[in-house]
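Engineer: below is the sequence, then the predicted model.
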Amino acid sequence: MKNARGLTLIELMVTLAVFAIITTLAFPGFQLYQQNSARVSDINDFVSALTLARGEAIKRGVPTIICASTDQATCSGVNNWATGWISFIDDNNNGAIDATDDNGALDAGEPVILIHAALSGANVVFADINTGLERVIYKSTGITNPAITATFRRYDNRCNTLPDANNDKHIRAVIVMSSGQIRLSRDADNNGIQEGLDGADLLCP
């Protein structure tokens with residue numbers, strides 16, 4: 001009966017070195033995959049929330065609001081929607097016109113449609129950097145109030161850490177038009193950087 005032969009110290013060191021090299025090479029790719037997956041998830045969640053708020057405004061015939069929120073209970077008045085958001089009916093539905101109806105704040109008796117927690121990831125920003133929009137208000141007709149076009153850019157720490165030639169390609173945007181309709185940014189000219197509604201490249205701030 002032969003004795004089982006174990007690894008020598010040198011063989012073990014070589015194995016560990018190879019494992020370390022493979023891990024080092026694989027980690028950046030895995031990290032990129034995680035960041036891109038989170039970006040897709042965040043964009044989809046935001047589009048779903050906007051679509052729901054608009055649909056409820058039309059269905060109920062009353063204004064709805066979706067706003068950035070740091071506590072997931074009130075509109076916090078911040079422009080970075082990465083802190084989370086809430087959506088609610090801006091009408092307490094008591095059959096009377098009250099001061100709390102259509103006042104832009106979540107008041108007692110006004111149902112909350114949706115609550116979304118803060119986004120995860122390193123230095124994630126989700127904001128309309130052009131207008132600083134803190135909330136989107138939908139009228140019962142489904143159009144926004146006021147009638148403006150907002151471009152919510154979603155980006156992360158890659159905007160600050162990658163070389164200038166590469167960082168802008170990681171930005172994505174959700175565009176809310178005055179009609180209330182929603183569209184996503186796209187790379188129409190195939191230069192690797194997506195464009196907003198005006199056709200201009202979306203750049204890191």
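Structural biologist: Cool, the structure landed.
Engineer: ok, Ile129 to Thr144 distance?
Structural biologist: Distance of Ile129 to Thr144, computed by CB to CB, to the nearest Å: 18 Å. No exception for glycine: its C-beta is placed from N, CA and C like everyone else's.
Engineer: these two - which one has more neighbours?
Structural biologist: The neighbour count for Ile129 versus Thr144, taken as other CB atoms under 10 Å, is higher for Thr144 (22 against 17).
Engineer: so the more buried one makes contact with Ile175?
Structural biologist: No - using CB atoms under 8 Å, Thr144 is not in contact with Ile175, being 11.7 Å away.
Engineer: need the residues touching each of the two.
Structural biologist: Counting by CB atoms under 8 Å, 6 or more residues apart in numbering, the contacts common to Thr144 and Ile175 are Ala150.
Engineer: low-confidence ranges, this protein, go.
Structural biologist: 1-7, 11-12, 14-15, 17-30, 92-102, 122, 162-165 (pLDDT under 70).
Engineer: residue ranges of the helices in it, please?
Structural biologist: Remark: helices assigned in the chain by DSSP state H are 9-60, 158-161, 164-167.
Engineer: look up how far Thr141 lies from the one residue sitting closest to the centre of the chain.
Structural biologist: Nearest residue to the geometric centre of the chain (CA atoms, centre = their mean): Asp42, 4.0 Å. Going from Asp42 to Thr141 by CB to CB gives 28 Å.
Engineer: now do Thr64
Structural biologist: For Thr64 relative to Thr141 (CB to CB), the value is 12 Å.
Engineer: likewise Asn103?
Structural biologist: Distance from Asn103 to Thr141, by CB to CB: 19 Å.
Engineer: any idea how far the residue nearest to the centre of the chain is from Trp81?
Structural biologist: In terms of CB to CB, Asp42 sits 9 Å off from Trp81.
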